[in-house]
Each structure stands twice: as C-alpha cells, then as structure tokens.
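A.B. asks: What would the 3D arrangement of this be:
(2 chains)
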There are 2 protein chains.
Amino acid sequence: MPFWSKESWNASGKHCYVTGGSSGLGLALATTLAARGAHVSIVARGQQRLDDAMKQIEAKRQSPDQIFRSFSADLRGAAGANAALDAITEVHDGRTPDAIFLCAGVATPRFFVESTEQDLASGMDLGYWTEAWTAWAVTKRMVEQGRKGKIVFVASTLGYMSFVGWSSYSPARHAVRGLADTLRSELLLYDIDVHLFCPNTMHTPGYVEENRTKPQITSLIEEGDSPVSPEQAATALLKGVADGHTHISGDMVTELFRAATRGSAPYHNFVYDCILDTAAFIATPIWRSMTDSRVRAHKPEHARYLRERGLQK
Amino acid sequence: MPFWSKESWNASGKHCYVTGGSSGLGLALATTLAARGAHVSIVARGQQRLDDAMKQIEAKRQSPDQIFRSFSADLRGAAGANAALDAITEVHDGRTPDAIFLCAGVATPRFFVESTEQDLASGMDLGYWTEAWTAWAVTKRMVEQGRKGKIVFVASTLGYMSFVGWSSYSPARHAVRGLADTLRSELLLYDIDVHLFCPNTMHTPGYVEENRTKPQITSLIEEGDSPVSPEQAATALLKGVADGHTHISGDMVTELFRAATRGSAPYHNFVYDCILDTAAFIATPIWRSMTDSRVRAHKPEHARYLRERGLQK
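C.D. replies: Numbers count the residues shown, from 1 in each chain, chains lettered A, B, ... in the order given. Modelled structure (predicted):
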C-alpha cells in the first residue's frame, strides 16, 4: 500500500543474477533482462543447458559493454550458493549483483502416502533451499559491502494455498513466502528490497516433468488452469518489481489468492486489494467446496488405486 | 465455513499421541487430555523430562483403563518418527492413534546475516520436519489400516506472517501451514481430519530459550504481545478441534491474521470471518507501517551492532 509513489526500477546497466537461469522462467527472465540492457549472470546445474541458454542471452545483447556470465552449480546447499556467487562476481570486481532472481525450483506432485522419505526431503531442497541459500549468501555480502539491491523470490500459487497432491512442493513454496515476508521487514535495515513472485502454471520443461508424477485427481482440479508462457511470467514479474509491489502474481486467480492470503504483506493499493479481497472472500469458499467434492468423489477410484499398489489392505 | 454442524470431538477413550509432549504446549495438552479420559502417549527427546511429564500425566488419571506411555526419540528424521510410532502403538495392538498432536518445535530468532548454515538448517528441522515426518508416518499407517483419525499440526502466528528476526523459524512454520492445507484437502480421501493450531507466544521453556538469541528490535516489536500459558493454549486448541475448525488460533491478534491470510482454508463462519477480515484489512497495514518505521529507526544502532561484530565494513 504505497501512499507515496516509488521510482520505477530499470534493469539497464544493472547486474542481474538469475538462478535456474538455463530454462523456464529463469531463462525467459535472463533473455528479457539482456534485451533491456542488463548485465546478466545465470546459474544452474547442467553445463550443456547453460551453454544453450548463453546463446539465447547473447542474441539479445544491446551493447558491447554488457557482461554475460554463466556458472554451473548445485544450489541446494550453502556451499554451492557461495561458490556460484564467488565465481560470478569475480568479473564484477567482487561486487554483489544489483538484483537477484531466484528461479531455481522443481515440483513433483504425488500422493502423500506414496511419497518416499527422499521425495519429501527433495521437495524442500528444490523448492526452498535453492532459494534460501542464495538469498542468505547474497544478503551477507550486500550487508558486508554496504550495497543496496533487490532480492526477488519465486514461489507459486501453491505458496498461497494448496490441495491434494502437493505435499512435497507446497510446504517449500510456503516456506519461501515466509522467508520473503521475514526479509521484507528485516532487510529494511539495509535498504535491500525484497519481492515475492507467485506464478501460476507455466509452459516450461518443469511443467512437462511434473505432469509425469501428477495424480489424476490433481490434474482434474487444475483443468480450468490456463498455463502462461515463461516470457509472459517474466514480463509480469518485472512489471511487479518496477511497480514496487512486494507480492507479485502473474494471473487473476493467483491475484485473488494473494489478496485472500495477504497476511501482513503490503497491499498493491488499498482500494484495489479491498475489491479483490471481497471477490476472493466469496469465490474461494465456492472453489474449495467444489474441489472438496471432487476429492471426495474420487474416493472409490483412489481406494482401488491404493489396493493395486498394496498401500491399503 | 460449515453450513452444517459437525459432531463435537471428545477425547475420552481415544488414543492421543503428543509429540513434544514433555514440556510446554505438548505437556499441557497431554495432561489436559489425560484429565479428559484419553489414552495418552508422549514422545520427546530427553528421558528425564519424559519421566517428569509422565508423573504429571499420571496425576490426572480418571480411570484405571487409561493407558499412558512415553518414548524418547529424535523426531527430526523419518526413522525417529517411525520408531516412536512402532514403540507406542505396540501396547495398542499396533493400531494407529486416534489423534496426533504435533507440538515438537523450537524457535531461535536471530538476524539473517548472523545466522550460520547450521542455524537455518536446524530451524527447518525443528520447526517443520519434526511435524512432517510424524504426519507422514502416521498417515501411511492410518491409510494402510483404513482407520480414520485426526492430525493436528501446530505452527505459530509466525506461520501467518513474519517480521525481522524470524528467518529460521517463520519459513518452517509457513511450511507447516502449507502441509496442513495440502493434507486437509488430500486426506478427505480417507476421512482423516486435519487441523492447524497457530498459537501466539506462550510462557514455556522454549520461550525462555528463544529470548536468549532474540534481536533487540524483534523484542521491541513484540512488546505489546501478551503471552498465554500453555494450559490456555491447549484449551484453545482442543476447543477449536471440538468445534471442527481447520485453522485454530488462541488469541485475537492471531485470529485477525488467520482471517487476513486464510487463502483457501475453510472459514469458521462466513459472517464472523468477514467481520474479522474487514478489521484485519484496516489494522494490518497500520501495524505493518508502524513496525516498518521501528525497523527503519533501528538502522543506526544496527549498523553499530554489525560493525562491532565485523559483519559490515
């Protein structure tokens, strides 16, 4: 709820650091930022995909002064997050990037009772720690160097609400939201801005991957969902950042959930959020009631499914 | 938002399994449940505290038929969660408990830039995994045995919102909320009820512990908070469960945040939640604006603090 109007953020000439930058939303962001004149660094796991991504980023170059770098690292641990930052900032005289976009993250929907120990642990690693460790490593450096900057977390509509199938992913995305809300307050101490982007479904390699394990009832509930392109999502993210919004969504359904689960997060605008919240207040119980009915109607089929897999006698 | 009225839940004769049952909220719940005629099992780490707790539970015995058991286990991993359930259910012919109360959890507030890798990882272990693994182990057994039951997660006001100092704890509590909201939907498939209790500050050994590491600015913001006794919190939790509420809070401030961050969670009552939400819609931006000002005003002192510790040049 800005009572004052903020200066619009412009990527040109800034050093933007994008995790998960070799595919999906991260890649779309990286190319968009390159096209807007930013220095772009991308970090991801696979070297081949990083190389391919670098070609696409290079194709968007606006000026010979732009510095593009990539680094292959596993960001699930603090060591990887630190190593990637060290490697990338070397060419920038050790200066911490101006803006960090935390796009690494993978979803693997599955029934809770079918999930292994590894499934659940991995959900938190890929959905939370990949973002948290980089945020931690970056914040420490920014504070040490007395630099201002931006940290943009990426969660999901499932960071605002959840339903059947998302027990390994939604908790991680809620955790990202909790960290973003904490740091929005705490990093006021250093003039570091914190944003949280909650995209809905995107047409990405990750989406293809998640559909492999998605329970049928989960797909059924998501039927009405209309996935956006990563480019559309990247544009929505950057617009939200430019507008100074703390929580940013890329579609109207998530926008309704944002208003319905704002907690202590800042509003975009008092009147706009009031209208959205009122709509959400009426719409969400209807959505939930319909969804609950679908889950209940799925019981006989699910019982058959469990017996086939020996999960129920 | 129940349009129908639910049967009130009664603990008498039920087997209630309480993690973190040797102190704080867990112990208060265990003794209250014993006084209400339940079979009570408690799990926690220290044997001595478990023994002391068992004496307090025994003192509340209503009938010679009540079975009280304790087991010492580290619930931060799946193995501990399974071992504890195996040991406890042995005396109940292997039957999964009727109700699970997930009270294990420790908060260690600290500035983000001062947090070590261990601090952050431990925050998630103690604030999320202690609950998630037991919920996972219990759900698998309930489904295998075709048993209905209740799973009651415990988060915190900080599972709904957050501010400076809570970067290791609030994400974990948000994750608990995400898991509870997922399972509320998913476990409709098995008629297993899921609840989420979000208490505010309680006068517990954990509270004394957390104040040791709490940054000054965090204490300042919490000044107006009036901690409740674990017994009051336990009573509020059980009342919420009996009333069939999915999200349960123990005080009016958290109740406002519950209404303001309901997302897709069920309402207690459409009209009541509408009034609360309206109040929260107006009150939270005022709270946030005041809190943000306090954080900003803390900047010079914090800069001194950082320099003293070598965290800023």
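A.B. asks: Torsion angles phi and psi at A:G178?
C.D. replies: The phi and psi values for A:G178, taken as degrees, to the nearest 10, are phi -60, psi -40.
A.B. asks: How much space separates it from A:A104?
C.D. replies: 18 Å (C-beta to C-beta, to the nearest Å). For the C-beta atoms, the positions are set from N, CA and C on the backbone; glycine is no exception.
A.B. asks: what sits up against the helix or strand of chain A with the lowest mean pLDDT?
C.D. replies: Across the helices and strands of chain A, the lowest-confidence element by mean pLDDT, DSSP states H and E is helix A:205-213, at a mean of 89. By C-beta atoms under 8 Å, 6 or more residues apart in numbering or on different chains, the surrounding residues in contact with helix A:205-213 are A:23-24, A:105-110, A:201, A:219, A:227.
A.B. asks: low pLDDT regions in the stretch 1-150 of chain A?
C.D. replies: A:1-7 (pLDDT under 70).
A.B. asks: Would you mind listing what in it touches chain B?
C.D. replies: With the criterion set to C-beta under 8 Å from any C-beta of the partner chain, the stretch 1-150 of chain A comes near chain B through A:1, A:78, A:111-113, A:115, A:117, A:120, A:124, A:128, A:132, A:136, A:139-140, A:143-146.
A.B. asks: Next step: those residues restricted to helices.
C.D. replies: Here DSSP state H is the test, and those give A:78, A:117, A:120, A:124, A:132, A:136, A:139-140, A:143-145 as lying in helices.
A.B. asks: So which of these wins on neighbours?
C.D. replies: Counting neighbours by other C-beta atoms under 10 Å in any protein chain shown, A:A132 leads these with 28 neighbours.
A.B. asks: Tell me how far that residue lies from B:H174.
C.D. replies: A:A132 sits 12 Å away from B:H174, going by C-beta to C-beta.
A.B. asks: tell me, what's touching the two both at once?
C.D. replies: Taking C-beta under 8 Å, 6+ apart as the contact rule, A:A132 and B:H174 both touch A:A175.
A.B. asks: returning to that earlier point: what about dumping the CA coordinates of the least confident helix or strand of chain A to PDB?
C.D. replies: Output of helix A:205-213 as PDB, limited to C-alpha atoms (Å, rounded to 0.1, in the frame of the first residue of the first chain):
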ATOM      1  CA  PRO A 205      10.300 -28.100 -19.100                       C
ATOM      2  CA  GLY A 206       9.500 -28.300 -15.400                       C
ATOM      3  CA  TYR A 207       5.800 -28.500 -16.200                       C
ATOM      4  CA  VAL A 208       6.200 -31.400 -18.500                       C
ATOM      5  CA  GLU A 209       8.300 -33.100 -15.800                       C
ATOM      6  CA  GLU A 210       5.700 -32.500 -13.000                       C
ATOM      7  CA  ASN A 211       2.900 -33.900 -15.100                       C
ATOM      8  CA  ARG A 212       4.600 -37.300 -15.200                       C
ATOM      9  CA  THR A 213       4.000 -37.900 -11.500                       C
END
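A.B. asks: mind listing what's buried in that helix?
C.D. replies: A:206, A:210, A:213 (16 or more other C-beta atoms under 10 Å in any protein chain shown).
A.B. asks: In chain A, where's the longest helix?
C.D. replies: helix A:270-297.
A.B. asks: who's in contact with the next helix or strand after that one?
C.D. replies: The helix or strand immediately downstream of helix A:270-297 is helix A:299-308, counting by DSSP states H and E. For helix A:299-308, contacts defined as C-beta under 8 Å, 6+ apart pick out A:113, A:216-217, A:312-313, B:143, B:189.
A.B. asks: If we use 10 Å, what do you get?
C.D. replies: Under the contact criterion C-beta atoms under 10 Å, 6 or more residues apart in numbering or on different chains, helix A:299-308 has outside partners A:111, A:113-114, A:164, A:215-217, A:295, A:298, A:311-313, B:143-144, B:146, B:186, B:188-191.
A.B. asks: So for it, mean pLDDT?
C.D. replies: Here helix A:299-308 scores 93 as its mean pLDDT.
A.B. asks: One more: stretch A:265-277?
C.D. replies: 92.
A.B. asks: Please look at A:F71 and A:A53 and confirm they touch.
C.D. replies: No. Between A:F71 and A:A53 there is no contact, the gap being 11.7 Å when judged by C-beta atoms under 10 Å.
A.B. asks: Distance of the spatially closest residue to A:G127 that is not a sequence neighbour relative to B:G178?
C.D. replies: Leaving out its chain neighbours, the residue that sits closest to A:G127 by C-beta to C-beta, 6 or more residues apart in numbering or on different chains is A:A172, at 2.7 Å. Note on A:A172: its distance to B:G178, by C-beta to C-beta, is 8 Å.
A.B. asks: between the two, which one's more packed in?
C.D. replies: A:A172 (36 against 33).
A.B. asks: Could you check the angle the strand or helix carrying the more buried one makes with helix B:270-297?
C.D. replies: Assigned by DSSP H and E, A:A172 belongs to helix A:170-186. Angle of helix A:170-186 versus helix B:270-297, following axes from the mean of the first three to the mean of the last three C-alpha atoms, to 10 degrees, is 50 degrees.
A.B. asks: May I have helix A:170-186 as CSV, with CA atoms only?
C.D. replies: Extracted C-alpha coordinates of helix A:170-186, given in CSV (Å, rounded to 0.1, in the frame of the first residue of the first chain):
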residue,chain,number,x,y,z
SER,A,170,3.5,-26.5,-1.4
PRO,A,171,5.3,-26.6,2.1
ALA,A,172,8.5,-25.5,0.3
ARG,A,173,6.7,-22.7,-1.5
HIS,A,174,5.0,-21.6,1.7
ALA,A,175,8.5,-21.5,3.3
VAL,A,176,9.7,-19.3,0.6
ARG,A,177,6.8,-16.9,1.3
GLY,A,178,7.7,-17.0,5.0
LEU,A,179,11.3,-16.1,4.3
ALA,A,180,10.3,-13.4,1.8
ASP,A,181,7.9,-11.8,4.4
THR,A,182,10.6,-12.0,7.1
LEU,A,183,13.2,-10.4,4.9
ARG,A,184,11.0,-7.7,3.6
SER,A,185,10.9,-6.5,7.1
GLU,A,186,14.4,-7.3,8.2
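A.B. asks: nearest residue to A:A259 other than its sequence neighbours?
C.D. replies: Once flanking residues are discounted, A:A259 sits nearest to A:L276: 3.6 Å by C-beta to C-beta, 6+ apart.
A.B. asks: For that neighbour, list the residues it contacts.
C.D. replies: A:L276 sits in contact with A:252, A:255-260, A:262, A:267-269, A:283, where contact means C-beta under 10 Å, 6+ apart.
A.B. asks: Okay, and which of the residues you listed map to helices?
C.D. replies: A:252, A:255-260, A:283.
A.B. asks: Mind giving me the ChimeraX command for buried ones among these?
C.D. replies: Selection of buried members from these for ChimeraX, criterion 16+ other C-beta under 10 Å:
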select /A:255,256,257,258,259,260
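A.B. asks: Format the ones in helices among the contacts of A:L276 as a markdown table; extra columns: pLDDT and distance to A:Q48.
C.D. replies: Formatted as a markdown table, those follow (pLDDT from 0 to 100; distance: C-beta to C-beta, whole Å):
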| residue | pLDDT | distance to A:Q48 |
| --- | --- | --- |
| A:M252 | 91 | 37 |
| A:E255 | 92 | 37 |
| A:L256 | 93 | 40 |
| A:F257 | 93 | 37 |
| A:R258 | 94 | 36 |
| A:A259 | 92 | 42 |
| A:A260 | 93 | 42 |
| A:A283 | 92 | 44 |
